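A.B. asks: requesting a structural model of the entry that follows:
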Amino acid sequence: KQRLFGDVRAGKVRFLIGRSVLVSPADMRRTFSAVSDRFQIEHVVLGPELVKDQVKVTEKDAQAFFEKDPKFFEQPEKVKVKFVRFAVAPFIPKAKVDPEDIQAFYDQNMDRFLRPTNELAATTNALGTNALFASKYKPFEEVKQEIANGLLNDAARDLAADTAMSFLLKLTPSREGKALTFEQAAAEFKVLVEKAGPLAEYDRAEGVDAGAAFSQAAFALTPDEDGYFSDVIRGKDYTYVVALEERVPRRIPTFAEIKKDALPMAEAQAISDALGNKAKEIRDAAVKGLKAGQTFASALAPFQVKPVTSGLFTASTGPTTNDYSSLLMRGVMPMNQGEVSELLPAPDAILLAYVAQRQPGDPTTYDSVKEQIEMSLRRQYARLVFDGWQEGLLRAEGTEARNLKAAVDEDEDAEAESGDQPAPAAAAPAAAS
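C.D. replies: Residues are numbered from 1 along each chain as shown. Just a heads-up that it's a prediction; the model follows:
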């Protein structure tokens, strides 16, 4: 109910703001220019290899990295468990499958037995077009044994799970409150008690084929007599029962415990810092060289990096042959011909671009897109004003503001999915009086 009220209020406020903001002709012209002008750029991709050989990280550096923010290495709550497993294989000879079940499985799962495309074409050509449907699927006799083997394995897993359930019953207190311990039950069933952990909730235990279901079941265990052991956990070749040994609380480890992890992380941070400094040095040299009359390429030559030159493109096409097209587009759109971009960080590199050409778009097309630009800018400006109002609410009444923000974010996501893309960022909005 509270969320519904939030949605209604958010919609009304956005509607009022959308009617109040002003979109100036200058903003509309600026946006038109940004989306219609044609660019040609030169850019360089500055990767870690540029500085990697210059970075040497010692254990002392890694310890300093750890001590700078130990909470970054905080380990989540974990559990130590013991478990038993019941193999599926010994139950296969005992498993039985009714022939009617084999036929029923085939009838209900025919899409699993489609012929490969090339085999289907050959069969159809041999039998004629009218036999297309008949030849689309492998015949029952051809896959009968395959189905039978699968059903036998399933039946064997059920038998293994039944045995695991019998094991569970030994752990469950009787009316008199008596129950076997985990070790006593394991001895009675002649299975080995194994250990696992510490495990976080979504860790995978080594040598266990039940995936994350194993650790999630282990993490849900409690110390009481009814909750210290799990239900039956099915894997591919085994079924499992898990029992809690110890719950390890969330904690910050010592440096000695995480040294092997801290070293590569400290090295990665050192490389990132060195690359950032080198990229700044390269940009400064590019700006200085261009002012002195050099080309972008010659200004960067001392750093042994070679720019890539794009063809002409617009905001709608971007430098499409480039893996960093979107990033470059955002970086150069506000720039004039002859200017060097700010450093453009990507996940694996830092980019630097130079606007070699910026040719004005066709002004005669402005009238045909003017209304669309105005609507897009009005929506964009309304969002900026709404966010400012929302931040004020967040400081005064945090819960209400967060609810309104969630409602608006959903509206924005819906608009984006409908294909109504906002215009590029322009000047800040002016409020109507």
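A.B. asks: mean confidence score for the host helix or strand of R9?
C.D. replies: Element membership of R9 [criterion: DSSP states H and E] is helix 2-20. Per-residue pLDDT values over helix 2-20 give a mean of 70.
A.B. asks: likewise for stretch 305-321?
C.D. replies: Across stretch 305-321, pLDDT averages out at 83.
A.B. asks: hmm, M165 is touching S230, no?
C.D. replies: No. Between M165 and S230 there is no contact under Cβ atoms under 8 Å: 11.7 Å. C-beta here means a position set from N, CA and C on the backbone, and glycine is covered the same way.
A.B. asks: tell me which of those two has more neighbours.
C.D. replies: Set side by side, M165 and S230 give different neighbour counts by other Cβ atoms under 10 Å, the larger being at S230 (22 against 14).
A.B. asks: how about the more buried one, phi and psi?
C.D. replies: The main-chain torsion angles of S230 are listed as degrees, to the nearest 10 and equal phi -90, psi 170.
A.B. asks: can you pull the contacts of it?
C.D. replies: With contacts defined as Cβ atoms under 8 Å, 6 or more residues apart in numbering, S230 is in contact with 217-218, 220-221, 240-243.
A.B. asks: pLDDT below threshold where in the stretch 251-400 of the chain?
C.D. replies: The model of the stretch 251-400 of the chain has pLDDT under 70 over residues 320-322, 397-400.
A.B. asks: where's Y202 relative to Y238, distance?
C.D. replies: Applying Cβ to Cβ, to the nearest Å, the value for Y202 to Y238 is 20 Å.
A.B. asks: and for S33?
C.D. replies: Plainly put, S33 is 66 Å away from Y238 if you go by Cβ to Cβ.
A.B. asks: these two: which is more packed in?
C.D. replies: Neighbour totals were compared for S33 and Y238, and Y238 leads with 21 against 17 (other Cβ under 10 Å).
A.B. asks: give me the nearest residue to that one, chain neighbours excluded.
C.D. replies: R85 (4.3 Å; Cβ to Cβ, 6 or more residues apart in numbering).
A.B. asks: same deal with S166?
C.D. replies: With Cβ to Cβ, 6+ apart as the criterion, S166 has its nearest non-adjacent residue at 7.8 Å, and that residue is F189.
A.B. asks: that neighbour: what's it in contact with?
C.D. replies: 84, 163, 166-167, 170.
A.B. asks: what residue is smack in the middle of this protein?
C.D. replies: Among the residues of the chain, the smallest C-alpha distance to the mean C-alpha position (Cα atoms, centre = their mean) belongs to P347, namely 13.8 Å.
A.B. asks: need the contact list for that residue.
C.D. replies: For P347, the contact set (Cβ under 8 Å, 6+ apart) is empty.
A.B. asks: just the CA trace of the strand or helix carrying T239, in PDB.
C.D. replies: Secondary structure assigned from DSSP H and E places T239 in strand 238-248. The C-alpha trace of strand 238-248 is given here as PDB (Å, rounded to 0.1, in the frame of the first residue of the first chain):
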ATOM      1  CA  TYR A 238      25.800 -39.000  -4.800                       C
ATOM      2  CA  THR A 239      23.200 -37.900  -2.300                       C
ATOM      3  CA  TYR A 240      24.400 -36.100   0.900                       C
ATOM      4  CA  VAL A 241      23.400 -35.300   4.500                       C
ATOM      5  CA  VAL A 242      25.300 -32.400   6.100                       C
ATOM      6  CA  ALA A 243      25.700 -31.600   9.800                       C
ATOM      7  CA  LEU A 244      26.900 -28.300  11.400                       C
ATOM      8  CA  GLU A 245      30.200 -28.300  13.300                       C
ATOM      9  CA  GLU A 246      30.900 -24.700  13.700                       C
ATOM     10  CA  ARG A 247      29.700 -21.300  12.500                       C
ATOM     11  CA  VAL A 248      32.600 -18.900  11.800                       C
END
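A.B. asks: quick check: buried residues in it?
C.D. replies: Using 16 or more other Cβ atoms under 10 Å as the test for burial, strand 238-248 gives 238-245, 247.
A.B. asks: distance to V44 and pLDDT added to those, as CSV?
C.D. replies: As requested, these are arranged in CSV below (distance: Cβ to Cβ, whole Å; pLDDT from 0 to 100):
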residue, distance to V44, pLDDT
Y238, 55, 96
T239, 57, 96
Y240, 54, 97
V241, 59, 97
V242, 54, 97
A243, 59, 97
L244, 56, 96
E245, 56, 95
R247, 52, 93
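A.B. asks: buried set for stretch 348-364?
C.D. replies: Along stretch 348-364, these residues count as buried under the neighbour rule (16+ other Cβ under 10 Å): 349-356, 358, 361.
A.B. asks: actually, stretch 11-29.
C.D. replies: The neighbour-count check on stretch 11-29 (16+ other Cβ under 10 Å) flags 13-14, 17-18, 20-21, 23, 27-28 as buried.
A.B. asks: and stretch 200-209, by the same measure?
C.D. replies: When neighbours are counted by 16+ other Cβ under 10 Å, the buried residues of stretch 200-209 are found to be 200, 203, 205, 208.
A.B. asks: helix or strand right after the longest helix along the chain?
C.D. replies: If you go by DSSP state H, the chain has its longest helix at helix 255-291. Moving toward the C-terminus from helix 255-291, the first helix or strand encountered (DSSP H and E) is helix 296-300.
A.B. asks: that next one packs against which elements?
C.D. replies: Under the contact definition 3 or more Cβ pairs under 8 Å, 6 or more residues apart in numbering; DSSP states H and E, helix 296-300 sits against strand 38-46, helix 255-291.
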